[in-house]
Structures are given as structure tokens and as C-alpha cells.
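> One predicted model, sequence on top.
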Amino acid sequence: MNRYLRSLTGTEQVAALFIIVFGVLVLASAALFIVSLRERAADARSEARKLELLDDARLLRTTWTMAVIFWIGWALGERAATVLFGLVAFLALREFITLSPTHRGDHRSLILAFFVVLPIQFWLVGTEHFDLFTVFIPVYVFLAIPVVSALADDPHRFLERNAKLQWGIMVCVYGISHVPALLLLDFPGYRDKSAFLVFFLVFVVQTCMLVQHLAWRKLKRPPQAPHISQSFNWLSWLIGVVLASLLGGLLSAITPFKPGQAVAMALIACISGSLGHLVMKALKRDRGITNWGLQGQSVTGASGLLDRVDALCFAAPIFFHSVRWFFRL
Amino acid sequence: MLAKFMSLFLLGLVRLLTGAQARWHGCPPKAEQRIYFANHQSHADLVLIWAALPQELRSITRPIAAKDYWTTSPFRLWLTTKVFNAVYVDRNRSKDAAGVEQDPLEPLADALQSGDSIILFPEGTRGHTGEPQPFKSGLFSLALRFPQVVLIPAWINNVQRVMPKGEVIPVPVLCSVTFGAPMQVEPGEERRAFLDRARSAVVALRDV
């Protein structure tokens, strides 16, 4: 089996990987569907079980969404993947801005963010201007946006408004733009398999979140930061990070890393991703919502895309820079 | 052909920028003759409510456009007649050739007479405070003249952030249109009482 897999070209290996991933997802969905069909007595325990099932269904939907996005991105090639992630960044930023009320005076800055900064950032990724694209937003854009805001002549809560917009750009545009950048990293002899690197990142981060969530459900530990997240405590977080990193080690065959390096890279991705997820939760609590998407009372009609990618927004840039720095690419 | 292309383009653009989500709270989307009335904060209101309606309803629903703004350039005229199939209403009462004052509601009455639904902004002009201004009486007159037409209040959320008064480039912010429960003029109800009730029905949709 192993020999057979090694005899395939890089492209065929990636295709085989997607077939396996989608196969597992189909099985998981089918299992969940069958479980949900079972009749239950209407008592408190079955109510709790029902909520858990809904929870599982939500997690599974997230994973499906991610898998499909990455499959489309890979199938269409690197340039198309860059455009696709540009669109994801656009929609995520749209959600972020919708739920972070802006002022009349922010209008020009918003135009700058959506129609100038975002396209330039993804163009820099697509054309592999790596040195410029890592500093373009944190240096140039973060200095330019307050200038545009100041010219709008509205001092009211100036610092807060700028911070909001800059955070939106940092998470949604800067973070997400590092995912297609991984596809363009030039490991010697690894070029047509760089989709594996994205898969590796997404897979370990998602596993970490999943294990952490399941561990929290079993352990019932008191939350570390109850005002931010009910499900975050150090023990279940540690279990999630360790298990996902070990899994990363097992996946080292599909990456350009040696097993030890793969564990280290997975560790970096998991820590930054899961803590980033916590930060995004804090932002949501600040806005008084549980979800970037539509949750009954929210009037925005947001689709909740940001909930799906928030861990990735934090993990991708840190993973990207660690890899580049460590392997001197 | 060009109008069809333009309408598809606008639909795509509006969905990309705002999501243009319709939320049917008090009534289902149904092909009966209706007057939708909503708060008015931006030029994009008309486009947004038009894009939020399902395709079958869009073709039988005509938005109201202010004549003094939407007929001043050939492009605006083409857009409102060919793409939106709008009904023009004169905000400044004009006199016809014989010097008789025209009823500004007449074009709306004609549209309703021929069986179309209409989208009305009873404030008459765009507000910018978030709270709708008092409603003008056109809605009341039309409701009395066409008792069989269903009156649907609607709240347009967030659109003032997409394109505030005075700006020309829209920014992407998710918007929604909430449609409420049908209402009608009660027997013997005064004009002002009805208009205030209609206005509060619109405002009440803000929080659902």
C-alpha cells in the first residue's frame, strides 16, 4: 500500500488524500444521521443528548465546508486558490465589519480596506512577493488607515474605530492570505505537493479543536475564562494540542518535514490556532453574540463563515513564518 | 437584453456587498397584490428590497422612485424604467397644461389598478437618524382606495452603512429586509392614527 502510494505522482497523491478525507466525512455524516433517527424518551438526559448531537452536526458542517473549500482551491490550481481565499477573506471581513459598528466617518477607510488593501494583499501573494506581503499590512496599511480616517474629520472614538478596522484587516485579510501563500512555498522537490502543507495545517488545527471540545465534554472541568468561553480549560486544551501534534508527527510522510519537525510545526499551529479561536470568542462576547452567523436574534443575516475559519486566521501566519524561518525558504 | 443583463449584474453586486437577505417574519413571500412600505435611509434601499424579493415577486413588484432625482440623467431614467420598472412620483406638486394640480398618487394608483404590487417609502425622503420620520399620508389614501391590496410593513437594516448620504462608493456590510405581518385600516380609523400605527409596525421589525 505504502509502496503503491509512493509510486504515484504528487498530484495523484493529493487526489487520493481528498478521496480519503471525503470518504471519512461521508461515513461520519451517515453515522450521525443514523444516530439522530433513533427514537428517544422525552426526559432531561435525551434533551442533553439532542443538544450534543446538534453540536456534532455543527462541527461536521464546519469540517465539510473547509474540506470543500480546500478541494476547490486545489482543483483549480494555485492562482485560482489565491482568488478563492481572497473571496473568503472578503466575506469574512464583511461579517466582521457588519458586527463591529462603524461610523459615518469610517466610510473611506472601509473602501480602502475592502477594495484596495485586500486585492493588493492577495495580488502580492499570487505574485510571490513574500517580503513585501508579510509587512504590507502591519506596516504600511496600519499607518495609512488612520490617515484616511483623520481626513474624514471625525474625532469621536477615533482610536477605537481604527483599532476595530485594523483588527478586522489583520484577522480576515492578513491571516487568511497566508493560506494560499503556503501553496507557493518553494520546498526543494516538493512543489506540486504543497497542497499537503495546507492540508496538514488545517487538519491538525481542526483535530486540535475537535479533541479539545470532546475532552471538555467528558471532563467537565471549570472553565478558565468563563466570561469568554465555557469550554476552554487548560487540561482539555493540553489534551487537544498534544494529540493533534502527535497526529502531525504521524502525517510527516506527506509533508516536507521529518517526524520531529512535523510534531513541532503541528504544535505551533495548534497553539496559535486554538488560542486565536479563544481571542475571536472574546471579540464575539464583546459584541454580545455567540456566533458570527445568524443566531435567531441577530439581524444581519451573516453566514457565519468567520466562525469556520477563525482558528486558521491565527494559525496560518504563524505557521507560515515558522516554516519559512526554520527552513530558510 | 441589456436591461436583463444589468439586472443580473446588480443582483450579483448587491448580494456580494450586502447579502440582501429577506426575513419573512409576519407573512410568507406570496404572489398576491401588496403594498410593501419601509423605512428609507439610502438610495440603495430600493435596490436592496428589490434584490431581497424572490424572483417571482420581483417581476410583479414595482418600486416607487422620486421623479426629481431618478429622471435627471438618461442613465438613471433607463435604470429605473427598464431595470426596476419603477413608478415615478412627483415630490413637488406640479400643474398640468390646463393649470390643474396633479395628484402625485395618480401613478401609484394606476400601477395598483393594473394589478402590480408596489414598494413605498412613506417618509417621502431619506432620513439619516436611524429613526424613521413621520409617514406622509399617501399610504393612507392608497389603503382606502384599494382595500383588497395587502399592506406589508418592512424594516431595512444596516443599509445606511453601505452607502451613507453623500457617498457614491458602497462598502460591503451585511443587510437584511424584515417583512412583518399584514395590516389594514381599521373601520373609522383616523389618518394620523393609522400612519403612526404603520410607522410603529415598521419600527417594531427592527428588533425581531
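Perfect, I can see it now. Residues are numbered from 1 along each chain as shown, chains lettered A, B, ... in the order given.

> Quick check: residues of chain B near chain A?
With CB under 8 Å from any CB of the partner chain as the criterion, chain B comes near chain A at residues B:17, B:19, B:21, B:23, B:157-158, B:161, B:164, B:167, B:169, B:171-176, B:178, B:206. No exception for glycine: its C-beta is placed from N, CA and C like everyone else's.

> Narrow the residues you listed to those in strands?
Counting by DSSP state E, the residues of chain B next to chain A place B:21, B:23, B:157, B:176, B:178 in strands.

> What distance do you get for A:V242 to chain B?
Look at A:V242 and chain B: by CB to the nearest CB, to the nearest Å, they are 38 Å apart.

> Now name the helix or strand holding that residue.
Per DSSP states H and E, A:V242 falls inside helix A:234-250.

> Can you tell me which of the ones in strands among the residues of chain B next to chain A has the most neighbours?
Neighbour tally across these (other CB atoms under 10 Å in any protein chain shown): the maximum, 25 neighbours, falls on B:T178.

> thought that residue was touching B:L205?
Yes - taking CB atoms under 8 Å as the definition, B:T178 is a contact partner of B:L205 at 4.4 Å.

> hey, what's in contact with both of the two?
Residues touching both B:T178 and B:L205 (CB atoms under 8 Å, 6 or more residues apart in numbering or on different chains) are B:25, B:154-155.

> Between those, which sits nearest B:R76?
B:A154 (23.7 Å; CB to CB).

> so where's the stretch 201-329 of chain A shaky on pLDDT?
Judged by pLDDT under 70, the stretch 201-329 of chain A has its weakly predicted residues at A:292-303.

> Show me the strands in chain B, by range?
Secondary structure of chain B (DSSP E): strands located at B:21-24, B:34-38, B:61-66, B:87-89, B:117-120, B:150-157, B:176-179.

> For burial, what's the neighbour tally of A:G73?
Counted with other CB under 10 Å, the neighbours of A:G73 add up to 22.

> The one 3 residues further on now?
A:L76 is flanked by 13 other residues according to other CB under 10 Å.

> which ones are touching it?
A:L84.

> which phi and psi does it have?
Dihedral angles of A:L76 (phi, psi; degrees, to the nearest 10) stand at phi -90, psi -10.

> For chain B, what's its nearest residue on the stretch 101-250 of chain A.
Minimum separation of the stretch 101-250 of chain A from chain B (CB to the nearest CB) falls at A:L110, amounting to 4.2 Å.

> Using the three-state scheme, assign that residue.
helix (DSSP: H, G, I helix; E, B strand; the rest coil).

> and the gap between it and B:P164?
Per CB to CB, to the nearest Å, A:L110 is found 11 Å from B:P164.

> Those two: which is more packed in?
A:L110 (25 against 19).

> Nearest residue to B:L2 in space, please, no chain neighbours.
Leaving aside its chain neighbours, B:L2 sits nearest to B:K82 (7.8 Å; criterion: CB to CB, 6 or more residues apart in numbering or on different chains).

> In contact with the one you found, which residues?
If you count contacts by CB under 8 Å, 6+ apart, B:K82 has them with B:2-3, B:6.

> Just want the residue of chain B that's nearest chain A.
Distance from chain A to each residue of chain B (CB to the nearest CB) is smallest for B:Q21, at 3.2 Å.

> Buried only: go through the contacts of B:K82 for me.
When the contacts of B:K82 are checked for burial by 16 or more other CB atoms under 10 Å in any protein chain shown, the buried set is empty.

> if we take these, which one ends up nearest to A:K218?
B:M6 (57.2 Å).

> show me the contacts for the spatially closest residue to that closest one that is not a sequence neighbour.
With CB to CB, 6+ apart as the criterion, B:M6 has its nearest non-adjacent residue at 5.2 Å, and that residue is B:V83. B:V83 makes contacts with B:3, B:6-7, B:10, as judged by CB under 8 Å, 6+ apart.

> any idea how far B:V83 is from B:F9?
10 Å.

> do the same with B:A52
Going from B:A52 to B:F9 by CB to CB gives 17 Å.

> which among the shared contacts of B:T178 and B:L205 end up buried?
Buried members of the shared contacts of B:T178 and B:L205, counted by 16+ other CB under 10 Å: B:154-155.

> Same list, the shared contacts of B:T178 and B:L205, but as TSV with distance to A:Q166 and pLDDT please.
Compiled in TSV, the shared contacts of B:T178 and B:L205 are given as follows (distance: CB to CB, whole Å; pLDDT from 0 to 100):
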residue	distance to A:Q166	pLDDT
B:H25	36	87
B:A154	35	94
B:W155	31	93
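
> Make CSV out of the shared contacts of B:T178 and B:L205 and add distance to A:L87.
Formatted as CSV, the shared contacts of B:T178 and B:L205 follow (distance: CB to CB, whole Å):
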residue, distance to A:L87
B:H25, 30
B:A154, 30
B:W155, 29
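
> ok now do the nearest residue to B:R161 once chain neighbours are set aside, which residues does it touch?
Excluding the flanking residues, the one nearest B:R161 by CB to CB, 6+ apart is B:V173, at 4.6 Å. The contact partners of B:V173, taken as CB under 8 Å, 6+ apart, are A:94, A:97-98, A:102, B:17-18, B:158, B:161-162.
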